[in-house]
Every structure is written in C-alpha cells, then in structure tokens.
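Trainee: turn this into a model:
(one chain, ligands or ions: 1)
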Amino acid sequence: MKATSHSPASHKPRQQSHDGRDGHDGHTSAASTATQPTQRPAERGSLRDERQRYVPRGVFTYHPIFPASGSGATITDTEGNTYLDFAGGIGTMNVGHSHPAVIAAAQAQMELYTHTCAHVLTPPLYIELARRLTEITPGDFAKKTLLVNSGAEAVENAIKIARAATGRSAVIAFENSFHGRTNLALALTGKARPYRANFGPFAPDIHLVPYADPYHGGADAGGWRATLERFFSTRVAADQVAAMIVEPVQGEGGFIVPPADFLPTLRALCSQQGIVLIIDEVQTGFGRTGRMFAVEHSDIEFDLLLTAKSLAAGLPLAAVVGRAELMDAPLPGGLGGTYGGNPVACAAALAVIEVFEREGLVARAERLGTMALERMHAWQARFPLIGDVRGLGAMVAMELAHSDEKRTPAAAEAAALLTEARQRGLILIKAGLYDNVIRLLMPLVTTDDEMARGLDIIEASLAAVSAMTPAELEAAH
Ligand SMILES: Cc1ncc(COP(=O)(O)O)c(C=O)c1O
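Mentor: Numbering: from 1, shown residues only. Coordinates of the predicted model:
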C-alpha cells in the first residue's frame, strides 16, 4: 500500500463572505505547510473570479478550491490546505494521486515519443494494452479492444459497432442512467436536467426503459421486468434492437445497485433476440465494486464492455472491449480518432493494471466498502436524514431524504453536507436524480486510518446538517 504524505487537518468552518459564498481566505489548516502553493499570492485570490470570467458556467464544479498537488488519497490546494479526497476525480483515481509507478511509466514514454496516431503508426503500447484488457476482462472468448479518449466516446463507438454488427438500429438504454455528454451519449442518458435540457434533438430510435431500483421502486424494483416486456410488444419488436446499454450499478444515477437477477435477465433476453449487450463500466470498472469489473458479480458474459476513468489514472483514455466478431464488424477506417490510444496514456494504463495486481486494490475495495457501509448503517439509527444506505464494494452511497411519508429528497441537506465536509477537510460529491445522494469514490489506496477519519468527518457533518434551520441550510451551500 502506498504511503500518503499528507493528512487532512482539523479544518475549521470558513467565514461566509459578503456575497454568500463561503470565503476562501479565512480557511486555515494545520497541514497548510505540507505543500508549496504553485500560484503567486496575487493569482491565488483571483482564481474563483477568473474561473467565472473565462470558463463557461456549463462546466460545473462541486468545490471552489483549486488543486496544487495530490498524493494517494489526499489533495493539497493552491493555498496549502490538504484535504482527504473521497471523490477521486469522480472515480478516476483508484490507484491514488501521483502514484510513482504511473508517473514513471508515463514519463518514460514521454521521453521516447508522445504521439504518432494509431492510424499512421500504431504504438506497441496500444497493442499491449489491447491485449491486457482482453485478458483482465471476464469471459473466455476471443476479444478485441478499441482505445478512445473518454467514456462518452467509448459509448458512441459501442453503439456504432453494435449497429454495424447487427444491421439493426434501435437501442435500449435505461432511465436514470448516465452515458456521457456527447449528443448520442445524451440520447442514451436518462436524466433531463442538467444533462439533456436545451440540447435536443437527439439521435432517433433510442428508447429508455426503467432500471431496476430497489429503493425507489419498492418490492418489484420499479416494475422494470413488466415494463420491458410491454415495451417489446408495444414499441419496438425485440428482433429490431441492435443493442442494450446498461450500467451494472448506476453511477451518476445515485449508486443504484439492481437486484441480483437484473443483469442475468437482460443477458438471457439479449442472447435470445440477438441484441448486443453493452456493459458500461466507465464508473464501476477498475476495481471499484470489489471485483475488477462489476459485471463479475453477476457471472454473465458481456458482448461489449466499456471502461474509462480509472483505466489510466486520469489520463484521457477509454476502451471498448468486445467479442472479436462484433469488434470487426465496422469497416477499416470506421473506428478510431487522432488521439485514441495515445502511448503516454497507454503506458499509464499498463502501470495502473500492474499497481492493481501488486497492491491488491480489488480486495482493498471490499475492505473500504465494508468500513463505510458499517458506519453508514449505524448512522441510520441516529440520523433520520439518511433514507437509504447502499453499495457494492467501495461504490458506497447514502441517500438523504426527509422523514415524511414520501421520503422527499433532501437535496439542500446534501449540498450543505458537501460544504460542511469540505470545511472539515474532506472532499465529497453527490449523485442521483434528485442530487440528494452522497457517494464515495475514494482512491482504493486510502488507508484504514484515512478511511476512518473521512467517515468521522462525514458523521460530524451529518450532525451539523441535521441541526440546521432552513435558513442555515440555504446559506450553507
Ligand atoms: C457510466 C458512465 N458512462 C459514461 C460516462 C461518460 O464518461 P466521460 O465523462 O469520460 O465522457 C460516465 C461519466 O461519468 C459514466 O459514469
């Protein structure tokens, strides 16, 4: 396990500034000498203003702080404050910030050459990574790998491959899903605001059906099975469908863990009807759920599997791994792009795979998840604000809801909790259709001690938020 050099300080709540945002200048930390800030003092104070001036508001950010350096499970900002990072770049940093093996691999490749474009000269590292991904993904069948730059691009290419392979056009995706922000990925994404709003029209022949959601859907998890059957008899005949794309655990949707029979049922249906089953592991992949890939929990075979995020420890890289005969359906030149499979990113990804094996990070995910779930379940008795606790491996979340009969989503409380945790030295992020789910995506190199301290901070923040008046809640985020 990699040692981390920083520890989160007992961060004090910041002063509210005159414009209602929490003031940055009053923030002090015992760890403030841990890292040298990279900006000059005059620049530091203005970063928030400059962001507002030069970066479009669509590029949302959870926290008004700016990173200067990272190590393991901690991040130090430009003012020298060190935080425990339980967001991990939204799940990209499973091997931790600045892992020496990843840095060394990327640096070594940088010194040789940075890019040739695989369509001109294919880097040997592209081929090596393609092979490694076919080896570490589940399923004993011939596979091939396409490398691209982002999760959304992997999604787009998977749909292209499925359509080319089947000669069909219809695609089924799920409500409350997230598959990315490009136009086709948005068509497959099941959350209207902020993702789809204002961006239509979307690609035709894409159909969203309910996901199996035990918390919101009750005993039959939202009636997904009956709805799917009705869909095939009323909307699109099953033999017209090219692909079904599904997250094994919904990520942005709020860490929804479906019942055990969900994926096997979809697998059986797709096999019967010749539908390509695309498993989107962009967020669940690379060890997060206590298996290298979440689909392994269901013991089913994928047709195409998508991975990104933690694949290359934050360098832009994503992959479509699939059955060789499907992957070869598009014509030569039909797949690829200028940057896909950049050798520096491939070097980082190969190092990430080695780190996972050497440091036992998949087992570590189980351990961290168990620690988090135990504490969260105990908190449920103390804080009525916690409507649900759920997770798979280290993909753990708690959904905040009011104690009324409908368990109305507590979005303001979730936002306030993020602020409270940040002020105590912990970076958290949310998820969910109603933005009321607190999700944990800490690096898998987080030590037991760091995990315990992060959970202590969440507990203290929950206590603070639970005691807030509506006016205080409004001011807190
Ligand atoms: C399941 C899933 N698919 C696709 C994407 C899109 O990935 P990217 O943001 O790299 O385009 C995400 C991003 O969060 C995701 O969680």
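
Trainee: so which elements touch the lengthiest helix in the chain?
Mentor: Using DSSP state H, we find that the single longest helix of the chain is helix 361-382. If contacts are counted by 3 or more CB pairs under 8 Å, 6 or more residues apart in numbering; DSSP states H and E, helix 361-382 sits against strand 386-392, strand 395-400, helix 448-466. Placement of C-beta: from N, CA and C, glycine included.

Trainee: so which of those is the most surrounded?
Mentor: For the helices and strands packed on helix 361-382, the largest average neighbour count (mean count of other CB atoms under 10 Å) is found in strand 395-400, namely a mean of 27.

Trainee: got the residues of the chain near the ligand?
Mentor: 90, 150-152, 155, 178-180, 247, 251-252, 280, 282-283, 308 (CB under 6 Å from any ligand atom).

Trainee: quick one, phi psi at the closest residue to residue 393 other than its chain neighbours?
Mentor: In space, and not counting its chain neighbours, residue 393 is closest to residue 290: 2.7 Å by CB to CB, 6 or more residues apart in numbering. The phi and psi values for residue 290, taken as degrees, to the nearest 10, are phi 90, psi 0.

Trainee: hmm, back to that, need the helices and strands packed on helix 361-382 in TSV with mean pLDDT, can you?
Mentor: As requested, the helices and strands packed on helix 361-382 are exported to TSV (pLDDT from 0 to 100):
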stretch	mean pLDDT
strand 386-392	98
strand 395-400	98
helix 448-466	98
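
Trainee: the ones you listed: which one's closest to residue 316?
Mentor: Residue 316 lies closest to strand 395-400 among the helices and strands packed on helix 361-382, at 22.3 Å (CB to CB).

Trainee: the residue in the chain that the ligand sits nearest to and residue 349, how far apart?
Mentor: Relative to the ligand, the nearest point of the chain is residue 151 (2.1 Å; CB to the nearest ligand atom). Residue 151 sits at a distance of 14 Å from residue 349 (criterion: CB to CB, to the nearest Å).

Trainee: so the two - more neighbours on which side?
Mentor: Looking at residue 151 and residue 349 with other CB atoms under 10 Å, you find the greater number of neighbours at residue 349, namely 30 against 27.

Trainee: can you name the residues that contact the more buried one?
Mentor: 129, 311, 312, 313, 315, 317 (CB atoms under 8 Å, 6 or more residues apart in numbering).

Trainee: tell me how many other residues surround the closest residue to it other than its chain neighbours.
Mentor: Closest residue in space to residue 349, ignoring its immediate chain neighbours: residue 312 at 4.1 Å, by CB to CB, 6+ apart. For residue 312, the count of nearby residues is 31 (other CB under 10 Å).

Trainee: show me where pLDDT drops low in the stretch 301-450 of the chain?
Mentor: Scanning the stretch 301-450 of the chain for pLDDT under 70 picks out nothing.

Trainee: where are the low-confidence patches of the stretch 151-300 of the chain?
Mentor: Residues of the stretch 151-300 of the chain that meet the cut-off, pLDDT under 70, do not exist.
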